[in-house]
Structure formats: structure tokens, C-alpha cells
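*Asks:* Following is a predicted model, sequence given first.
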Protein chains: 2
Amino acid sequence: MKKIINDPRNYLNEMLEGIYTAHSEMVTYVNDDFQCLVTKKKKEGKVGLATGGGSGHLPLFLGYVGEGLLDGCSVGDVFQSPSAEQMLEVTKEIDSGSGVLYIYGNYNGDIFNFDMAAEMADFESDIRVESVVAGEDVASAGPASPGEKNTRRGVAGIFFVFKCAGAAADKMMDLDNVKRVAEKAADNVRTMGVALTPCVVPRVGKAGFSIKEDEMEIGMGIHGETGIRRGKLEPADQIVEEMLEKILQDKPYKNGDEVAVLINGLGATTLDEQYIVTRKVNQILNEKGIEVHKYFVGEYATALEMAGVSISLIKLDDELKELIDYPAYTPFFKQ
Amino acid sequence: MKKIINDPRNYLNEMLEGIYTAHSEMVTYVNDDFQCLVTKKKKEGKVGLATGGGSGHLPLFLGYVGEGLLDGCSVGDVFQSPSAEQMLEVTKEIDSGSGVLYIYGNYNGDIFNFDMAAEMADFESDIRVESVVAGEDVASAGPASPGEKNTRRGVAGIFFVFKCAGAAADKMMDLDNVKRVAEKAADNVRTMGVALTPCVVPRVGKAGFSIKEDEMEIGMGIHGETGIRRGKLEPADQIVEEMLEKILQDKPYKNGDEVAVLINGLGATTLDEQYIVTRKVNQILNEKGIEVHKYFVGEYATALEMAGVSISLIKLDDELKELIDYPAYTPFFKQ
């Protein structure tokens, strides 16, 4: 394990102490618990937006707490859900009478704890809580049939759900409408990733799996979940073609659609490579007659020091386009 | 070599095409040459600011071209200087009658070409050009004696020089004053880095050196230049103590000083680790009575996919503090 860390047992708390040190004008914590992060820029009367999940994915999740985005985030140990109690503390802090929306990724531990936190918030504090679960990794499962539960993992595309819901809440929409916007965003997002190397959970100290020097895994999840195929490392253009074809077919995204695109680095992959991917994505979308309203390129949701990228598309209507363009100012995202 | 790329010979152009695709509202190129990047937000009458250098360091250099920062950047192949002709094309485009300041890192190829470009700009186009060379890596050489040339490498701390000069130019200071500010910033910056892994130049296809699995190199440069010592990988706090001690002694930064701090990831190192470093830097500076005005944490100057971090300090007076806080909006830096 080659990391610049101290005792792995202190990894989470020391990382969070660094975040509160560097961004003290923007974020703080409640209940004397570093894992319960809230904005310092609370806007009275606004619907509160909370997320949460395991750490190891910076800037996901807590980097999106700030103006025009989220109000709070509970964070667990690396790749572990925070507790329902931590979620509840954040909920109580960010509610200002208009209710709270939870937006989080489709993982069993998070679902269990967020559901319990929502019940406690209602029961103990009379706070109305609604939830939107993002699950948009097309490699992780087939699409849900009507009436069935979505079993896809939530990955980098959740950024688009945060962005749209965050703007809607900042525009003082009510809880029903913020939830409607978040659901619309979640329905219109698809993601797929490729991994070139594994990552090491600090407490474990070694990778849980390996990828050969000349191999890649298409569709791997951001905790190292198995993808759809492993094979020889191919040229960037070929990798992008395969990933984007699956994404485009799934929604489907068609000629005449307008989209925003997120090219996300998983950790160790250079920005150079992310832009080489961007170039090819743009060529393919141009050929298909799909118009790109905006590109976001960089590390938005990582898997520790994994090498790889993911591609996310969101289909936009006029409402989502305005929300995507709406200003935001957080430790990790400013526009 | 595990990279998401196509033919390494096309690496630079494909990466640049991705940048122009993703940031088409902010940047473009001149002379039909992707390597000559200029802002689309030129402010008439302002002193023009140009930088340049090899690629492989994103967001350095071209990511800082935009409002409140730089106006143009010529970029060479990976770790190679751009040509004097490319620098000249950028210079001609960004001059609007108030002259141009070059700010670049202390490397022989860059110095040679920028000096030639400055002469050509004067001779061919009657553009007054001044230059400030940033060299602040305390591991790379001793401090220059009075009257001697500074032989230190320029690394991540050049961001602070860009930031201060960019704000000064945007406030419509004249060339002499923008140069004065850039020199003051450069004089007050010190940096030191640590590397855990090498990086691979795409055209070469393999690392030019290796660092053992349990080793690190303190003071390594951002092209893999030899540092001051190689040894067993130590806990984060110990690494930070050694690096920061060298930085603090060198300037020196003392009790009562006010500084801004940049914790910079070299490529593959997680934001988590960068914040663990931030925490320790803050503890030491608190103990020493050095006040931190602002932290910048993230990837500001990388060495491809090298694992490691650097720490930069800049001592601030009232003028530099105002310039550090001044708004900026570029593809990679917004505040």
C-alpha cells in the first residue's frame, strides 16, 4: 500500500479534519461528529438536501455541500455507509421547516440507514423527508421493468441529480417539486466506467483483486464490483466506442436529444486521458446528432486511487438545462 | 504503460482537442495550432499574461487561462518546451497595446524559447515583453546568493505567481506593476514535494526510473528529477514535518507571518491523502504562530500519473492577500 497516511484507523477522521481546516468558511459539522458535515451557508426556508455514503470517493459526497447544491452529508468509513443516527443529526440541522430530500446511491447499506433516518426524523422531529435513489450504472444490472425495483448501482452520474435538485431547492421550489426534479434527473442519467487498476482500502492494506498489466475491466463499479467484461487494454477510442454504445442504447439517447456529459476520472487517471476520452465522446455524439449542452471533465466521483474513467450522460429538457447551468459554489464544484 | 490513450504520437493533439471541445466558451487557439491557446475573454487595454511549458502537468499550464488569471499559453509535447514561434503567436494575440508579461518555470528550454519570443515580439511587432521566472523548489538547489542566478526548479508554487499577477492585470495595473507583483509573489513562494511512484511519458512507454514498493523520494521534481533523499515510506505526519521544516527554514517563514498554502496532488494521490497532509501542515503552522489566510487543496500541477504531493507556501502582505482573494474563472480554477 503506497499512500501518504498515518494509522489507517485514523484515516477518516484525519481526512475530515483536513477538510474542515481547508474549507472552514463553507462547511462545519454537528453533534461533535466530523462525519456529520453541514453547510455554513444555510438558506432559511429552503428545502434541505442531504446525501451520504462511504468515503473514498472524493469529491463525492461531501464536496458538493455548499451554495446552490447540497446542505448536508453524513459520511461513513471508506466504502461503508454512515449510520442512521448520523444521517438524522444532519437532517435535523439542515431542515428549516420545508422538509428534507435525501439523494444517495443505490447500495443496500445506504438504503437501510437512510430509510431508518427518514422514519426517525418524522417520528422524533416531525420533519418530512423524501428520498431519491440514484442508480444509473448500465453495466451493473439490466433496466428495471415497470413496477420493479431498480437494482443498478449509483455512480458518478449522481452528480447531475445533485446539481439539478440543488438548483431547484435554491430557487425555493417546494419539496414535492425538488423531488420531482431529482427523479427526472435520475431517470435521464446513464453511466458506464472502465477500470485499469484496483484500489486499496487503507484498513485492508492491499487490493482485494488485481487487473493484469495489459488488461482492463469494462463496467467495474467504484468499489471494485465486477464489470461486464475483462479484456486486453484497448486504444482509448475503442474503449469509448464500447462504453458509449451501451449508454446510448440503454436510455436510449437519440438524434435530436440534448445532453450534458460528465467525463469522470476514477482517481489515478490523468486529466490528459480524460480529455482524450472527451474528444472521442464528442465525435460520436456529433455523428449521432446528439447535441452537447455542456461538458464536465475531471474527478467528480473517485474510487480511491483506481485508474480509469467513467462517462455519464443526462438528457436535458428546458427545465433541467436551466438547473444544470444554475450557479453553485462548494469546496469542490464552482460555476 | 496503463493509460487510456490512442497512438502516443497523437496524445498531445487529442488531449488539446478535448480541452477545446469541453471549454469552447472559454478558450480557443491561434495560428491554426492547438498548441497556441488563448482566452476568449480578452479584456481590452489590459496587460497580457502568457505562460507556457511542457504538457503532462494539467491543470498547469493552460488550465489557468481565463478571467482574472492568464490570457494565453503555449504548450509543448509531454515535458517538452513549446517553440519560440508558438510563444510569439500567443504573444501577438494577447497583446492589446499594454505589453505582455511572461511567467514560466525555471527550465533551460523554456527560458531559451521565451527569451527568443520576447525578442521577436519586440523586433517584429513592437510589443514590450517582460518576464518573471518562477523557481521555488527548495529541494532542487540552494538559494541564490545576491546577484547570482536562481537555479531552483519551478513547480506548483507558480500557481501563486499566476494568481497574483492575474489579479493585478485584471485590476488594470500597468506592465511595470504587474511585473513587480509577479516578482514579489515569486520571491515569497517556496515548495517541496514527495514522490511515491514514477510516471510514464506516453511516447516512451515505460517509466524512466523506479521507486521500490516500500520507498518514497523526498524532493523529487515534476519530471522525475532526483530529490534530496530516498528512503522507506514514512507516516504522513513524519513526511510533512520533514518537508515543511525545509520550506519554513528556507524563506524563512516566521511567527507572525501570514501565508497562503497550496497542497498539491501530483497525479495519482487521492484527495483524502491531500487532506491528511493539510491537517498536519495546519497543526505545524499553528504551533509556529504562522497564520494561514487560505488553503488551496487539489491537483494544481501534476506529473502525469505520479503518486505524491507537494506543499507550497506564499508569505502575504496586504497587497498579495487582496490579489490572492480576487475572483478568477478559468477551466480549472474558479473562485
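*Replies:* Everything's here; your move.
*Asks:* Show the contacting residues for residue A:49.
*Replies:* A:69-72, A:94, A:100-101, A:103, A:162, A:165-166, A:169, A:178 (CB atoms under 8 Å, 6 or more residues apart in numbering or on different chains). For every residue, glycine as well, the C-beta is placed using N, CA and C.
*Asks:* What residues are bridge-paired with it?
*Replies:* residue A:101 (DSSP bridges).
*Asks:* Tell me the spacing between it and chain B.
*Replies:* Distance of residue A:49 to chain B, computed by CB to the nearest CB, to the nearest Å: 21 Å.
*Asks:* now swap in residue A:29 and tell me
*Replies:* 14 Å.
*Asks:* One more: residue A:196?
*Replies:* 5 Å.
*Asks:* and the closest residue to that residue other than its chain neighbours, how many neighbours?
*Replies:* Take residue A:196 and drop its neighbours on the chain: the residue closest to it by CB to CB, 6 or more residues apart in numbering or on different chains is residue A:307, 4.0 Å away. By other CB atoms under 10 Å in any protein chain shown, 25 other residues sit near residue A:307.
*Asks:* Keep only those of the contacts of residue A:49 that are in strands.
*Replies:* Those of these mapping onto strands are A:72, A:100-101, A:103, per DSSP state E.
*Asks:* out of those, who's nearest residue B:63?
*Replies:* residue A:103 (29.5 Å; CB to CB).
*Asks:* can I assume that closest one is in contact with residue A:129?
*Replies:* No: Residue A:103 is beyond contact range of residue A:129, at 11.5 Å (criterion: CB atoms under 8 Å).
*Asks:* Those two: who's more crowded?
*Replies:* Neighbours per residue (other CB under 10 Å) separate residue A:103 from residue A:129, with residue A:103 holding more: 30 against 24.
*Asks:* Spit out the contact partners of the more buried one.
*Replies:* Residue A:103 touches A:49-51, A:70, A:131-134, A:158, A:161-162, A:165, A:182, counting by CB under 8 Å, 6+ apart.
*Asks:* Next: residue A:51.
*Replies:* A:61, A:64, A:70, A:72-73, A:102-104, A:158, A:162.
*Asks:* Which one of those residues is nearest to residue B:42?
*Replies:* Once CB to CB is applied, the member of the contacts of residue A:51 that ends up nearest residue B:42 is residue A:64, at 32.4 Å.
*Asks:* Looking at the contacts of residue A:49, which is nearest chain B?
*Replies:* residue A:69 (14.0 Å; CB to the nearest CB).
*Asks:* Need the per-residue pLDDT for the closest one.
*Replies:* With respect to pLDDT, residue A:69 scores 98.
*Asks:* Just the buried subset of the contacts of residue A:103, please.
*Replies:* A:49-51, A:70, A:131-134, A:158, A:161-162, A:165, A:182 (16 or more other CB atoms under 10 Å in any protein chain shown).
*Asks:* From the residues you listed, which land in helices?
*Replies:* The helices, defined by DSSP state H, take in A:158, A:161-162, A:165, A:182 from the buried ones among the contacts of residue A:103.
*Asks:* Rebuild those as JSON lines, extending it with pLDDT and distance to chain B.
*Replies:* Shown next, in JSON lines, are those (pLDDT from 0 to 100; distance: CB to the nearest CB, whole Å):
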{"residue": "A:158", "pLDDT": "98", "distance to chain B": "17"}
{"residue": "A:161", "pLDDT": "98", "distance to chain B": "21"}
{"residue": "A:162", "pLDDT": "98", "distance to chain B": "17"}
{"residue": "A:165", "pLDDT": "98", "distance to chain B": "21"}
{"residue": "A:182", "pLDDT": "98", "distance to chain B": "25"}
